[in-house]
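Participant: sequence and predicted structure, then a few things I'm wondering about:
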Amino acid sequence: MSPSISRLNSSVRTLCSSVSPSSSSVAPRILATPSRRYSLAAMKQKSYETRRENTSVRVRPREVYADAEEEGDERPMTRLGNRRPQSAFGRDRRKPGENNYSEKISPGREQVDYSTMRAPNPLFAEHLNKLFPDLQFPTELARRILTHASHPAAIYGHNAGHSFMGRRVISAYLYLLLSSSPNLKPSDDLEAIVAQTLNTYVLGEHIGSKWGLGRVMRWTPTLKSERLQDANIALLKGAGLYKVQGDAVAAVLGGIFEQFGASTAHRVFHTRVLPHILLSTNHTGLPEVFHGDARSACNRFGGMHGPLVVDYSSLPSLPTERQPPKEKKKVQSESIERVESEVSLD
């Protein structure tokens, strides 16, 4: 061993012997037991963020065609009013060369030109004019009244607005009749009676069917076209026929109120609507205790076939109250004496 190495070892031994454990200011290291030993990898805190691996596979975006939107008509649970024809707004989104895309999906499906539905059909106005000969409906108003929001032609106008207004109109007329009836009790609930009488399904079954609205109005049943070919009345009732007809009845009253005035709508309600819902069944139609009031109101307007438009110029004028004679002003005595004096001088 070289002298330098031996000298270094002796100095290290001397240094270690001079430093004792009791004189150290550093706390002694506590060795962990075998059961509590952890590796450094386990004790290291991991980050919650994970790196995304870059993949070389590219996903091709799904192309949306206009015909794909039309396929919603064939689904039984498609929400009403969401269907839009392929050229609804004058623009066809299909790619060039894909003109027969829908034919590949459904070869037996008929192609319908929805642009022809923009022009009003005169059949709608003719049907309403036959129901109410005293009234002449404009073709555009008749088209809106007899077009439900579920039909594709509803993008050019439907009867939701007139139905909303018509329901408020007939509710107001029924409230007036019930509140003036002597048969109304303080314990009767007017809102419940009105809701029971003017139920949409009741209006559609007893008034809409009598008016034949289901044969002329445009709507889309919640059934597939295959089942509609052999559909019976019970199936159409479940598909929403009475509901759609009830909305159309309210739309007719709303259109009459808007076009011909409140007086005509009042007469239509009491002579053409209310007499058809005087039902004897429980919890349907107008309660039986108010049937007499409804019949008397109908007779007061001329019966179920009474006139709807009244020429008020032909009616006798109402008697006017006589005005009391004007009191003569008292002439003062001084003025009288002055006149007499002038006469005497002459």
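Facilitator: Sure, I can see it. Source: prediction; values computed, not measured.
Participant: for the rest of this, base every contact and every neighbour count on C-alpha atoms.
Facilitator: Will do.
Participant: residues making contact with the host helix or strand of residue 194?
Facilitator: Element membership of residue 194 [criterion: DSSP states H and E] is helix 190-197. Residues from elsewhere that reach helix 190-197, judged by Cα atoms under 8 Å, 6 or more residues apart in numbering: 171, 174, 175, 178, 277, 283, 284, 285, 286, 287.
Participant: buried sites along it?
Facilitator: Residues of helix 190-197 classed as buried: 190, 193, 194, 196, 197 (neighbour count, 16 or more other Cα atoms under 10 Å).
Participant: and if you look at stretch 117-137?
Facilitator: When neighbours are counted by 16+ other Cα under 10 Å, the buried residues of stretch 117-137 are found to be 120, 124, 125, 126, 127, 128, 129, 132, 135, 137.
Participant: what's the span of it, first residue to last?
Facilitator: End-to-end distance of stretch 117-137 (Cα to Cα, to the nearest Å): 19 Å.
Participant: stretch 277-285 too?
Facilitator: With Cα to Cα, one end of stretch 277-285 sits 5 Å from the other.
Participant: just to revisit the earlier point, which of the contacts of helix 190-197 fall within strands?
Facilitator: Cross-referencing the contacts of helix 190-197 against strands under DSSP state E gives no overlap.
Participant: okay, now the unreliable bits of the stretch 1-150 of the chain?
Facilitator: Across the stretch 1-150 of the chain, residues meeting the criterion (pLDDT under 70) sit at 1-9, 11-12, 14-115.
Participant: can you give me the helices for the stretch 201-346 of the chain?
Facilitator: Along the stretch 201-346 of the chain, the segments classed as helices by DSSP state H, counting those that start in this stretch run 209-211, 213-216, 225-228, 233-238, 241-260, 262-268, 291-300, 333-345.
Participant: any idea which of these scores lowest on pLDDT?
Facilitator: Mean pLDDT values for the helices of the stretch 201-346 of the chain show the minimum at helix 225-228, a mean of 54.
Participant: JSON lines for the contacts of helix 190-197, including distance to residue 116, pLDDT and neighbour count?
Facilitator: Shown next, in JSON lines, are these (distance: Cα to Cα, whole Å; pLDDT from 0 to 100; neighbours: other Cα atoms under 10 Å):
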{"residue": "171", "distance to residue 116": "37", "pLDDT": "97", "neighbour count": "16"}
{"residue": "174", "distance to residue 116": "40", "pLDDT": "96", "neighbour count": "22"}
{"residue": "175", "distance to residue 116": "42", "pLDDT": "97", "neighbour count": "14"}
{"residue": "178", "distance to residue 116": "46", "pLDDT": "96", "neighbour count": "17"}
{"residue": "277", "distance to residue 116": "38", "pLDDT": "94", "neighbour count": "20"}
{"residue": "283", "distance to residue 116": "44", "pLDDT": "77", "neighbour count": "11"}
{"residue": "284", "distance to residue 116": "41", "pLDDT": "86", "neighbour count": "18"}
{"residue": "285", "distance to residue 116": "40", "pLDDT": "90", "neighbour count": "23"}
{"residue": "286", "distance to residue 116": "42", "pLDDT": "93", "neighbour count": "25"}
{"residue": "287", "distance to residue 116": "46", "pLDDT": "92", "neighbour count": "18"}
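Participant: distance to residue 215 for those - can I get that in TSV?
Facilitator: TSV is the format used below for the contacts of helix 190-197 (distance: Cα to Cα, whole Å):
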residue	distance to residue 215
171	27
174	28
175	32
178	34
277	21
283	28
284	25
285	24
286	27
287	30
